[in-house]
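Engineer: my questions concern the predicted model and sequence given below.
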Amino acid sequence: EGVVSSQLVVSDISWEDEGGYSCRARDGNEGRIEKNKATIAVQAKPVNVGKESGSGNVSQTLELSCQFEGKPLPIVSWLLHGKVITEDPEKYEITEDNISDKTVNSLLKILNLEHKDNGTYLCHGKNAHNSDTAIVDAFVFDSPAVQVDHIVAVSSTKLFINWTVTSWNLPVTGYILSFREGDTNAWKYHMVSQINAGSTSYLMANLSANTPYTIKMAAKNDHGTGEFNTYHASVNTLDFDPIFIPEVSIKGITKNSISVGWNDPPEKFKEHIHFYRASKDDGEHVTEVLHTLPYPLHLWGELKSASSYKFTVSACNEYSGECSPPSEVMPGKTYDGLSGPPADVVMSCRSDNISDFHWVDVKWQDPQNPNGNIEFYNIELTGRARYYDDKRKMKVINVDSQTKTEDSNSIMTRFDFLEANTNYSVRVCAVTGSKECGAWRAATCSMPVMPPAGLAQAFTWYSVEKDEKNIFKLSIPRLSERNGEICCIKVIVVRLSSGQSAKDLPSQTEIPITNYAAAHSAEGSGAYVAEIITTVYMGREIEIGDGKSIGAIGVARCSACLPYGRDKRFTDPEPEGANKVEDGFLDDSRNYTSFVEVVVEGGVIGRSPYLEPKRPGVVVKDISPSPNTVLVSVLGILAGLVLVALILMVVLLMLRRYSKQVAAQQGVEMDLK
């Protein structure tokens, strides 16, 4: 008790944190103040905080400097090429300035500058904690030094000169080129203004053919002009000009490439031709490439199909960069490629209700990108249908595909004898000289639903007696729903007037429809809806005139199945509220006919012809053939077969006799077996 301690923690310490610190304590507000003192001494590894590069002319002096901070105070040393520099009164002077107890500045003075003093120096500072290094550059200035490396004769009047130059840290401002011609000792200056100061090669021109030349060269900068460097040997110009014009030919063609080949140069030209410049002209742009491969063949790829090009080839020298005149123009045309899709493909599904004939019209326009000459078009038709089979199960089928070919001048075609209630798809492609189908373009249409086929012979009726009443029985066959789903079947009965036949009636589409009561008035006649049934009754017989209507459920889903669905053909019922569908008793004193309406989804209606007029109670007798009639028919057939056999035998006998006569006349023995 009575002991208090305190601790001061200094984070991220820096040079400013160094110094003396006081800790004060007091016993209450009036107590005596007690003090304790503490000192913080900051130490750190060396850090380079400054450096300065230097420059100077050859034989003169330059200075380099670097500065470090650290504690203990860093020890500084200088290095060149990995070796420590020591003081030398004739070469190096090293001085240090201790700016503070933590900062030191070091100065390196280089005396009597030489080329070898040029380079990068390391200034290294080290103390007990670590070390750091500064990179300092020394630039020695001098006149540039030229080394002529290579001289090659490229023609009878030109030499190619290549050199290297050491500029000693100052840009080259120009070159001096001199030459001696033949055995003369006099040096001549060449036009130096033609040599770019940044170049290291030059094409020396206007020389004499087959003549030896000695070349020397010097460079200059702001320091001065360097010494001349003379090439180690004289070089002769050629006694000819290696001008070679290739003979170009087409080696291969595809739909998007052309191979161009050419002949090899004469033997004495080969060492002077190092690459070829190949050009391609498509009529809008000229493209050039440098062909450096060892074989005389260039493949031009990524060309447009069915397009014309012009090609040339020039032989070139890598030293002079010059090329001989180009070859004669060689034309070439790529093969036809795959055509783009035909434009504006349209198909229309069409039907003729009278003939029950269905077809598709297809139209298109030429492709926007034919990629060649269109030779013909391929048109493919496919179809898919959904319908209820005879077991009322949904069935999906693909109809047989059809293919047509139309010539390039056609832009339409037609597919006949198609199916109703079918979704058709067509696709069209153009075929060029490539003999391949190009891109397809498709279209679709749906063939409308139609009534079932064969309604003309589908229905029959006959008279029978039931419960002391004469009625008709109407056979409802199992109708196909391939052409469309059947909503209902309507039976329209017509009471004929005295002496009236079915031929006297209007067509089924025009006959007015009344009701049972109006049709059976005292002197009345007319048509009325006796029954409306669903597909459940297909394959069965229904009774007409039995005084009861079937009243099938579900017929209301199609509006055309309603009793008065054909408003314009119905007369007003009488009296008000009378049954619209009524299968009342028949009048035995009158003849009746009837027809059947088959209503397909979508309101399409098919109609049978008028059935044979019949009078209730008149029963048609069975006219099945008797056994005697059958026997007579069989005997007649057998007699006919015997007669045919006899005729064949007579013909064979006559042919044999004729053949023997011909053989006897020609002296040949023949036997017809």
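Structural biologist: Done, it's in. Numbers count the residues shown, from 1 in each chain.
Engineer: got the contact list for whichever strand or helix holds Cys429?
Structural biologist: Assessed by DSSP states H and E, Cys429 sits inside strand 423-431. Outside of strand 423-431, the residues within contact range by C-beta atoms under 8 Å, 6 or more residues apart in numbering are 339-342, 345, 347, 349, 360, 362, 364, 366-367, 370, 374-385, 415, 418, 437-447. Every C-beta, even on glycine, is put in place using the N, C-alpha and C of the backbone.
Engineer: in helices, which of those residues appear?
Structural biologist: Nothing among the contacts of strand 423-431 maps onto helices, per DSSP state H.
Engineer: restricted to strands, list these.
Structural biologist: Those of the contacts of strand 423-431 mapping onto strands are 345, 347, 349, 360, 362, 364, 376-385, 415, 441-446, per DSSP state E.
Engineer: how about the helices in the protein?
Structural biologist: Going by DSSP H, the chain shows helices at 516-519, 627-666.
Engineer: tell me how many other residues crowd the residue nearest to Phe357 when sequence neighbours are not counted.
Structural biologist: Spatially, and ignoring its direct neighbours in sequence, Phe357 is nearest to Ser351 (7.1 Å; C-beta to C-beta, 6 or more residues apart in numbering). By other C-beta atoms under 10 Å, 16 other residues sit near Ser351.
Engineer: got a list of what the nearest residue to Glu531 once chain neighbours are set aside touches?
Structural biologist: Distance criterion C-beta to C-beta, 6+ apart; nearest residue to Glu531, sequence neighbours excluded, is Val491 at 4.2 Å. Val491 is in contact with Leu474, Val529, Ala530, Glu531, Ile532, Ile533, Ile542, Ile544, Ser594, Val596, counting by C-beta under 8 Å, 6+ apart.
Engineer: again, 6 Å this time
Structural biologist: Ala530, Glu531, Val596 (C-beta atoms under 6 Å, 6 or more residues apart in numbering).
Engineer: against Ser463, how distant is it?
Structural biologist: To Ser463, Val491 is 15 Å away according to C-beta to C-beta, to the nearest Å.
Engineer: what does Asp407 give?
Structural biologist: For Asp407, the distance to Ser463 - C-beta to C-beta - is 63 Å.
Engineer: same deal with Leu8?
Structural biologist: 130 Å.
Engineer: over to Asn515?
Structural biologist: 23 Å.
Engineer: if you count what's nearby, which of these two comes out ahead?
Structural biologist: Set Asn515 next to Ser463 and count neighbours by other C-beta under 10 Å: Asn515 wins out with 24 against 20.
Engineer: wait, doesn't that one sit right on Ala530?
Structural biologist: No - with contact defined as C-beta atoms under 6 Å, Asn515 does not count as touching Ala530 (10.2 Å).
Engineer: contacting residues around Asp101?
Structural biologist: By C-beta under 6 Å, 6+ apart, Asp101 lies in contact with nothing.
Engineer: report pLDDT for it.
Structural biologist: Looking at Asp101, its pLDDT is 90.
Engineer: and what of the one 5 residues further on?
Structural biologist: At Ser106, the pLDDT value in this model is 97.
Engineer: what's the neighbour count on it?
Structural biologist: For Ser106, the count of nearby residues is 23 (other C-beta under 10 Å).
Engineer: which residues does it form beta bridges with?
Structural biologist: Beta-bridge partners recorded for Ser106 (DSSP bridges): Cys66, Glu96.
Engineer: again with Met394
Structural biologist: Met394 has these beta-bridge partners by DSSP bridges: Tyr388.
Engineer: what sits closest to Ser401 if chain neighbours are left out?
Structural biologist: Nearest to Ser401 is Thr382, by C-beta to C-beta, 6+ apart, at 4.6 Å.
Engineer: over to Ile542?
Structural biologist: The shortest distance from Ile542 to any non-neighbouring residue, by C-beta to C-beta, 6+ apart, is to Leu474 (5.4 Å).
Engineer: rank the helices of the chain by pLDDT, which is bottom?
Structural biologist: Ranked by mean pLDDT, these bottom out at helix 627-666, with a mean of 70.
Engineer: pLDDT at the residue nearest to Glu531, what is it?
Structural biologist: Predicted confidence (pLDDT) for Val491: 95.
Engineer: what of the one 4 residues further on?
Structural biologist: Per-residue confidence for Arg495 comes out at a pLDDT of 94.
Engineer: let's number from 37 now, not from 1
Structural biologist: All set: I'll call the first residue 37, so the last point we hit is now Arg531.
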